[in-house]
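Asks: Give me the fold of what follows.
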Amino acid sequence: MARDCFIGLISGTSSDGVDAVLAEFMPAPRLIASHFLAYPEALRLELLEFAAGRYRGDPIDQLGRLDCALGELFAQAALAVLKQSRLSGRDVRAIGSHGQTVRHRARGPQAFTLQIADPNIMAARTGIATVADFRRRDLALGGEGAPLVPAFHRTAFADRSDTRAVVNIGGIANLTLLPAADGPVSGFDTGPGNVLMDSWSRAQLHAPHDEAGKLAASGKVHTALLADWLDDEYFRRPPPKSTGREHFSEAWLQTKLAGYKLSAADVMATLCELTARSIADAVGACKPRVARVLVCGGGIHNRSLMQRLVALLADRKIGSTADYGVDPDWVEAMAFAWLARETLAGRPGNLPAVTGARQPAVLGGIYPA
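Replies: Predicted structure coming up:
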């Protein structure tokens, strides 16, 4: 039997590099190899500026350059993870590339989402068919194009014996509700995951993130400021919903901090609590009641954040997706490898109950090798 292997590539809200996996899906999801390719610092800064609307010259020219540059880097990441696996490109049926989101405006009459990293370059450099542009078909059908990972969460983590929530804490945090006994799957973005904490860390520590949550642990939560943040319209909006850096931005944070004079540690502690509370509130509102929470994404390495989640959800069992066979650092990349598999098979990759789309749909475009 031919191997059912796919490569998955994604760069998240942090815009710091490419997560690459090579995974197999028969009979169950299995990670074969993983690799992280960091963006050059100059490119990372340019991407963050571009996404914030601060352009360098002609924005169309800049978009084209960034699209090509990322296509080359994503191709390099695919080749690196293939080399690490010691498999041949002939063993890989396709690459599933999420690309790099530079804008996500999923509401309103002209809703759109834009991910870049030219899949033509990936297919040409690797000799492997590439599936990309997964989100826009869902938007065309009235959905928000996000989150898309709940369908994979169902495949990898659902269990008839108990109701589970999978919480992915990337730049933005999202939740997937997996009811017992094959009940309907639901999910949504809960709000900021690491994005605001990482922004504050770069400003105050000149570091990409608050290592293990040490700065947060040294500060105190400002309850009035936290209440103001939790009163944001996004948290009151019912699902389906998705968000991104367009809403929870550096500008949002600076506006919300106006009038407060707090230490860097107290701001970080309050940001950490914002992420923990918004996730815990979302889990607590789930029906049916969640018995078990499986955490993945970079936020799992923030000890302060995880300690707060455990305290806020003390009546639930909380663990890592690693306990159920998938390393928490690679779940999203594996999801896009799996979505490429679904596309090639002609099966829908979205869940309308999650995204709000009018119907299920096969996602993405296929770029032959």
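Asks: Please make it C-alpha for all contacts and neighbour counts, starting now.
Replies: Fine.
Asks: The closest residue in space to residue 337 that isn't next to it in sequence: what secondary structure?
Replies: Ranked by C-alpha to C-alpha, 6 or more residues apart in numbering and with sequence neighbours excluded, the top spatial neighbour of residue 337 is residue 8, at 3.9 Å. At residue 8 the chain is in strand, as set by DSSP: H, G, I helix; E, B strand; the rest coil.
Asks: could you measure residue 8 against residue 81, distance?
Replies: 10 Å (C-alpha to C-alpha, to the nearest Å).
Asks: got any residues that touch both of the two?
Replies: The contact sets of residue 8 and residue 81 overlap at 20-22 (C-alpha atoms under 8 Å, 6 or more residues apart in numbering).
Asks: For the chain, just list every one of the helices.
Replies: For the chain, the helices defined by DSSP state H cover 41-51, 59-85, 119-126, 136-140, 150-157, 195-204, 214-217, 223-230, 233-236, 250-257, 264-284, 303-312, 331-344, 352-355.
Asks: CA atoms only for the first one - export them in CSV, please.
Replies: The C-alpha trace of helix 41-51 is given here as CSV (Å, rounded to 0.1, in the frame of the first residue of the first chain):
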residue,chain,number,x,y,z
GLU,A,41,14.8,39.3,11.1
ALA,A,42,14.5,42.0,8.4
LEU,A,43,11.8,40.0,6.7
ARG,A,44,9.9,39.4,9.9
LEU,A,45,9.9,43.1,10.7
GLU,A,46,8.8,44.0,7.1
LEU,A,47,5.9,41.5,7.4
LEU,A,48,4.7,43.0,10.6
GLU,A,49,4.9,46.5,9.2
PHE,A,50,3.1,45.5,6.0
ALA,A,51,0.3,43.7,8.0
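Asks: Who has more neighbours out of residue 8 and residue 81?
Replies: A count of neighbours by other C-alpha atoms under 10 Å puts residue 8 above the other of residue 8 and residue 81, at 33 against 23.
Asks: Contacts only, for the more buried one.
Replies: Contacts of residue 8 (C-alpha under 8 Å, 6+ apart): 19-23, 95-98, 333-338.
Asks: Kindly report the same for residue 266.
Replies: Neighbour list for residue 266: 216, 218-222 [criterion: C-alpha under 8 Å, 6+ apart].
Asks: okay, now the closest residue to it other than its chain neighbours: neighbour count?
Replies: Once flanking residues are discounted, residue 266 sits nearest to residue 219: 4.3 Å by C-alpha to C-alpha, 6+ apart. By the criterion of other C-alpha under 10 Å, residue 219 has 17 neighbours.
Asks: you'd agree residue 219 is up against residue 273?
Replies: No. Counting by C-alpha atoms under 8 Å, residue 219 stays clear of residue 273, with 11.0 Å between them.
Asks: how far away is residue 253 from residue 245?
Replies: For residue 253 relative to residue 245 (C-alpha to C-alpha), the value is 11 Å.
Asks: quick one, which of the two is more surrounded?
Replies: Using other C-alpha under 10 Å as the criterion, residue 253 and residue 245 rank with residue 245 on top: 23 against 16.
Asks: any idea of the pLDDT on the closest residue to the more buried one other than its chain neighbours?
Replies: Of all residues not flanking residue 245 in the chain, residue 13 sits nearest, at 7.0 Å (C-alpha to C-alpha, 6+ apart). For residue 13, the pLDDT comes out at 86.
Asks: same thing with residue 182?
Replies: 76.
Asks: That one and residue 160 touch, don't they?
Replies: Yes. The criterion here is C-alpha under 8 Å, and residue 182 meets it with residue 160 at 6.4 Å.
Asks: Could you list the low-pLDDT ranges of the protein?
Replies: 1-2 (pLDDT under 70).
Asks: quick one, domains of the protein?
Replies: Residue ranges for the domains of the chain, per automatic domain parsing: 5-145+332-367, 150-324.
Asks: Single out the most deeply packed of the ones you listed.
Replies: When the domains of the chain are scored by mean count of other C-alpha atoms under 10 Å, the highest mean neighbour count falls to domain 5-145+332-367 (a mean of 20).
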